[in-house]
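S.K.: only the shape, not the letters, is given here:
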């Protein structure tokens, strides 16, 4: 028998990767996801039902090129328009609302629903920079309301908890629960022959993998320049998986470095194909670079690479040290020379690489199994439903 209905409101961030560690709660709770009509993710992959009500940002997206003109003229970023028509009908009868972050318009809707209904409000906040998204008045107002009315917060890192506390969230209501992965799918495996053949990778090649948005802050150029410095490694290849605004400049740099024969592109890879992608790699690099407005909030690629038993080289951006622990080697942010030296070190010391891979898999099993993560979320839900709903007005 279901313990109650949980409405998980993620808007454009609702996707299979972030639903994996909620899906084990199906049956124990009646789960319903809320996304947007123009979602860039395949919502059919999610095991529990997902609804896509009307929202202004979906209407704005239909304007195409005119959307960018309106955004520039009126500062109407689509995420600032993410509130949902029929919100009360969607949430009616729910025991728990689980919303993303503290500042979206749908968070304000959730607060109003919490004020008028005997439900619990859970806020999942991944942001780990204090007072980020604090630039607009309605966002500041929404944050204040969230901090007054939310019954619990889930953040994926201690750094995220610190950010919430500094902004005004009650520390005793904040629970650090990591993101989870399906370790029955993401696991050590031999190089996938079909994918390797398609990418022109030989069995004995030494393969580096960069997977993520193709942006400067993700460290794509750090990875590329390090690969250029490691070109003398026999069979060295760099796989770049992802897409983003720096792709034209990336191709230009590859040509200038004469690395065309060393770099392989996959584009965006569906989540069900990620295990094959990880299998082709010997080392996964995550050389993220913090900026004034962004740092790694968790790094799902790190967790997934650990689950697959891969050697990891990472920077210390944001929450990366919390996630990777002692299961990775660290290099200074933006240092392609340090990254190249570390790659060479692992290539020349296969025993160290093997030990690193073993530690990575063990850490993933201990911390990031989706069933363990779902269990922690379920315990929180249970404890909230055993409390009396309070009126904070």
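M.R.: Arrived safely, thanks for sending. Keep in mind it's a predicted model, so treat the numbers as computed, not measured. Numbering: from 1, shown residues only.

S.K.: how many neighbours does residue 256 have?
M.R.: The local packing of residue 256 (other CB atoms under 10 Å) involves 9 other residues. For the C-beta atoms, the positions are set from N, CA and C on the backbone; glycine is no exception.

S.K.: got the residue ranges for the helices in the stretch 1-150 of the chain?
M.R.: Assigned by DSSP state H, counting those that start in this stretch, the stretch 1-150 of the chain shows helices spanning 16-19, 56-61, 65-74, 87-91, 105-116, 137-149.

S.K.: again, but for the stretch 151-300 of the chain
M.R.: Secondary structure of the stretch 151-300 of the chain by DSSP H, counting those that start in this stretch: the helices cover 158-167, 193-199, 220-229, 247-256, 274-279, 300-307.

S.K.: out of those, deepest packed?
M.R.: Comparing those by mean neighbour count (mean count of other CB atoms under 10 Å), helix 300-307 comes out on top with a mean of 26.

S.K.: show residues contacting that one.
M.R.: The contact list for helix 300-307 (CB atoms under 8 Å, 6 or more residues apart in numbering) reads 17, 178-179, 181, 183, 186-187, 209, 211-212, 274, 278, 281, 284, 286, 312, 314, 320, 323-324, 327-328, 360-361, 363-364, 368.

S.K.: over to stretch 43-60?
M.R.: Defining contact as CB under 8 Å, 6+ apart, one finds that stretch 43-60 is touched by 11-12, 14-16, 19, 22-23, 26, 31-39, 67, 70, 76, 78-79, 81-87, 90, 271-272.

S.K.: count the neighbours of residue 376 for me.
M.R.: If you count neighbours by other CB under 10 Å, residue 376 ends up with 16.

S.K.: which ones among the contacts of stretch 43-60 are found in strands?
M.R.: Those of the contacts of stretch 43-60 mapping onto strands are 11, 31, 32, 33, 34, 35, per DSSP state E.

S.K.: greatest separation within those: which pair is it?
M.R.: Using CB to CB, the two most remote members of the ones in strands among the contacts of stretch 43-60 are 11 and 31, lying 16.2 Å apart.

S.K.: and the pLDDT for the residue nearest to the spatial centre of the chain?
M.R.: What sits nearest the mean C-alpha location of the chain, by CA atoms, centre = their mean, is residue 300, with 5.1 Å. Looking at residue 300, its pLDDT is 96.

S.K.: and it, how far from residue 212?
M.R.: 9 Å (CB to CB, to the nearest Å).

S.K.: just put the ones in strands among the contacts of stretch 43-60 in TSV and tack on distance to residue 148.
M.R.: Converted to TSV, the ones in strands among the contacts of stretch 43-60 look like this (distance: CB to CB, whole Å):
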residue	distance to residue 148
11	22
31	27
32	25
33	26
34	23
35	27
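
S.K.: buried subset of the residues you listed?
M.R.: 11, 31, 32, 33, 34, 35 (16 or more other CB atoms under 10 Å).

S.K.: which of the residues you listed has the weakest pLDDT?
M.R.: Model confidence across these bottoms out at residue 11, which has 90.

S.K.: please report how far that residue lies from residue 324.
M.R.: Distance of residue 11 to residue 324, given as CB to CB: 29 Å.

S.K.: same deal with residue 349?
M.R.: Separation of residue 349 from residue 324 (CB to CB) stands at 19 Å.

S.K.: if you count what's nearby, which of the two comes out ahead?
M.R.: Neighbour totals were compared for residue 349 and residue 324, and residue 324 leads with 25 against 12 (other CB under 10 Å).

S.K.: and the more buried one, what's its pLDDT?
M.R.: Residue 324 carries a pLDDT score of 98 in this model.

S.K.: residues touching it, list them.
M.R.: Going by CB under 8 Å, 6+ apart, residue 324 touches 299, 302, 306, 312, 314, 363.

S.K.: could you redo the last one with a cut-off of 6 Å?
M.R.: Residue 324 makes contacts with 302, 314, as judged by CB atoms under 6 Å, 6 or more residues apart in numbering.

S.K.: same thing with residue 163?
M.R.: 128, 130.

S.K.: max-length helix in the protein?
M.R.: Determined from DSSP state H, the single longest helix within the chain is helix 350-367.

S.K.: show me what that helix is packed against.
M.R.: helix 300-307, strand 311-314 (3 or more CB pairs under 6 Å, 6 or more residues apart in numbering; DSSP states H and E).
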